[in-house]
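> just coords:
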């Protein structure tokens, strides 16, 4: 890989950013070629946290395998479980009770807020501001408490199961979500005061890491990265699942295509998710929280695909079934992997500081990229 | 005008910085907003929600009786091979042979608290406990035997 | 009322009456050295704790609260830990430069202590070009940082050192120009003269808008010169892991760390001296009663109070703002601070000539 001298034939400096580096937030390894402070080339190296989740899933039953997916994109673990559950339900042709659908969407949106909160804090920390990280955790902690009460865990909940949800919502759930919405509405403006409006921050973000709509499509970027370049990619709108069709919400689109646009998409999504929660919190229908399913699930022979919108983009679950109790093959189309592939295109030509900003706004979660 | 734009730019920049400083200054002076929990000190007041998944335990009543029939549904449901159930054959007074639980082995070090075993249990014999302080110096201590010594199955549980 | 002035005078007279002039001078030198090192150690402990408290409270945390009462001994515990830690020298490093660099930075910080007036008549060396001396010596520390970065044989360290070089050399200019504004108003480079000229009021109040602009530029420039956030590009941990001190550990790292805090203290002391009257009490025009009350507060309390106020300001910056990018950092200096401070200097000169200041 890199010679000891540290420069390549053209005399450019080659540095190994990661696998242990404060800005990569995990074990991502970037081989960065630099000319002075300017980036010439970025080569991501993966494999440091490969746990062969897809292969593991082949030996687990349809009930068991979704818990492993919480460990992929651990910041939107509910949404991963949701995708798996829906894919299995598609195969089983199970109708999910409306109460379960609403609960699922609510925990999804809570997860999305929690994920964006963490992204916001971590990205500000990448840019050198430490305080936002702690302020973001204050609100995120509230969501974690709600999750802890209803789902029994704070990060890898395994709450959404084939057929519905594992347990009914806690009696306090609605009350706590309401108080969270109230708290969040009062604190979200502080985020703008502390970071968004800050002139140093804006200079660091605006015009940095620009990517065109065509490149977004050809790299397969999804989620906020695509929407920041003006590409419609919200699965909740394009391929509505559960009750998203009946909800009032907007697909957030920006046209800037730079880091600031990606930042603004996520900040506006935070408000939009709260808006969705407000619509649902008082309208949870009565009824079953889980459909009746057999103790041992068997999917018919065939191929099943389901996509959802995670906090990072489109997650696809593809199951090939041979009619047995375990899947023949599972493939996850993770949003982080496609988004990372655009990193070289986005950050090359910028300064080293821009790489950190671009990487922050791509919102990379390494276990999601490297399953 | 170049000069007015220049001054406006500088003024706007200073204002945006002052805004952020006002916020941090507010939190600096308002210590009521501090949210830190002093964990080992607040152990007495620390209340975990009843659904919190800390470890799997087996419910025993006051007669040292549990509800586990040794059906191994939990063992099959577990994705990690956390649970190992050893069964034995009890001879009932009528002389009939009956399958019963001998040892419920629970590997806490392998457990991911996915709640799947609890869901699978037909007799509601096991549950999740709220204890989360599992650190020990030797990992062998994490392999636990869940049924208490001398315990037997409750009457009427099939 | 015992003051530092009485103590130093008593020591001086005792020494000169009991010993020959040469020996007395030598012993005084040793005493000053010991006092300076003691001050450094104390400052290091206090400032690290202060930074952690300020950071914690701004981040809605509690901060250190385990070691000693209210966590007061936290930085002492940190120091003991750093002393016990092994000081590694990497295999490919230039061993001599690598080991010398922290001391260069430290000595540069120590030299800056000489002309600062801590209290009424308490000054190590009241030389007639005090302000010039300070701006000359403060640029030496960059040599230590460059040495550290180069000798580490680490690419991150090298980049950090180069950034730091560009940064300190640039910001020296506007720092110098804003200091010059006060020199123009006072008409002297001597620190004691500058303090004395503020007896009727501090320059930040007397000098109208130009003095305030000069102060703002000064505080920005010194933040950059001490490599503090938002200008901490030399160590920018999210880009360069730890910048120029990536390879340092143990006590050598602690020296860099201490030098950073000492530098902050010194630049803030200079800021307090130039703009806030050093050890001069707060006086308002003809309110004799009020002025009298203010005079009762010891001069050293005034000096340290003002200095710590400025240090708090710099810490406040650090825990609020994100970091600038390297080209933006230089833009800020050459396109904004330098032109503004030049125009400001002209304004100050006008004020000084026309005697518009109070």
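Sure, I can see it. Fair warning: this is a prediction, and the values are worked out from it, not measured in the lab. Numbering: from 1, shown residues only, chains lettered A, B, ... in the order given.
> ok, and the closest non-adjacent residue to residue A:255?
residue A:230 (4.5 Å; Cβ to Cβ, 6 or more residues apart in numbering or on different chains). For the C-beta atoms, the positions are set from N, CA and C on the backbone; glycine is no exception.
> What separation is there between the one you found and chain B?
According to Cβ to the nearest Cβ, to the nearest Å, residue A:230 stands 27 Å off from chain B.
> number of nearby residues for that residue?
15 (other Cβ atoms under 10 Å in any protein chain shown).
> show me the contacts for it.
Neighbouring residues of residue A:230 by Cβ atoms under 8 Å, 6 or more residues apart in numbering or on different chains: A:213, A:253-255, A:257.
> between those residues, which is nearest chain B?
Distance to chain B, by Cβ to the nearest Cβ, is smallest for residue A:254 among these, at 20.4 Å.
> For the closest residue to residue B:55 other than its chain neighbours, grab phi and psi.
Spatially, and ignoring its direct neighbours in sequence, residue B:55 is nearest to residue B:129 (5.3 Å; Cβ to Cβ, 6+ apart). The phi/psi pair for residue B:129 (degrees, to the nearest 10) reads phi -100, psi 160.
> shouldn't residue B:129 be in contact with residue B:58?
No - using Cβ atoms under 8 Å, residue B:129 makes no contact with residue B:58, being 9.9 Å away.
> higher neighbour count, these two?
Comparing residue B:129 with residue B:58 by other Cβ under 10 Å, the one with more neighbours is residue B:58, at 21 against 15.
> That one touches residue B:153, doesn't it?
No - assessed by Cβ under 8 Å, residue B:58 is found out of contact with residue B:153, at 11.2 Å.
> who's in contact with residue A:233?
A:222-223, A:226-227, A:313-314.
> SS state for the residue nearest to residue A:255?
coil (DSSP: H, G, I helix; E, B strand; the rest coil).
> Also residue C:230?
Of the three states, residue C:230 takes coil according to three-state DSSP.
> pLDDT score assigned to it?
Looking at residue C:230, its pLDDT reads 84.
> repeat for residue A:81
For residue A:81, pLDDT reads 90.
> For residue A:69, see how far away it is.
6 Å (Cβ to Cβ, to the nearest Å).
> And for residue C:334?
52 Å.
> Secondary structure element for residue A:144, which one?
For residue A:144, the host element (DSSP states H and E) is helix A:131-151.
> other SSEs contacting that helix?
Applying 3 or more Cβ pairs under 8 Å, 6 or more residues apart in numbering or on different chains; DSSP states H and E, one finds that helix A:131-151 contacts helix A:98-126, helix A:173-191.
> what are the pairing partners of the lowest-mean-pLDDT helix or strand in chain B, and which direction each?
Across the helices and strands of chain B, mean confidence by mean pLDDT, DSSP states H and E is lowest for strand B:152-153: a mean of 78. Taking DSSP bridges as the criterion, strand B:152-153 sits next to strand B:65-66 (parallel) in its sheet.
> Which residues does the strand it pairs with contact?
Residues external to strand B:65-66 that are found in contact with it (Cβ under 8 Å, 6+ apart): B:58-60, B:101, B:125, B:147-148, B:151-155.
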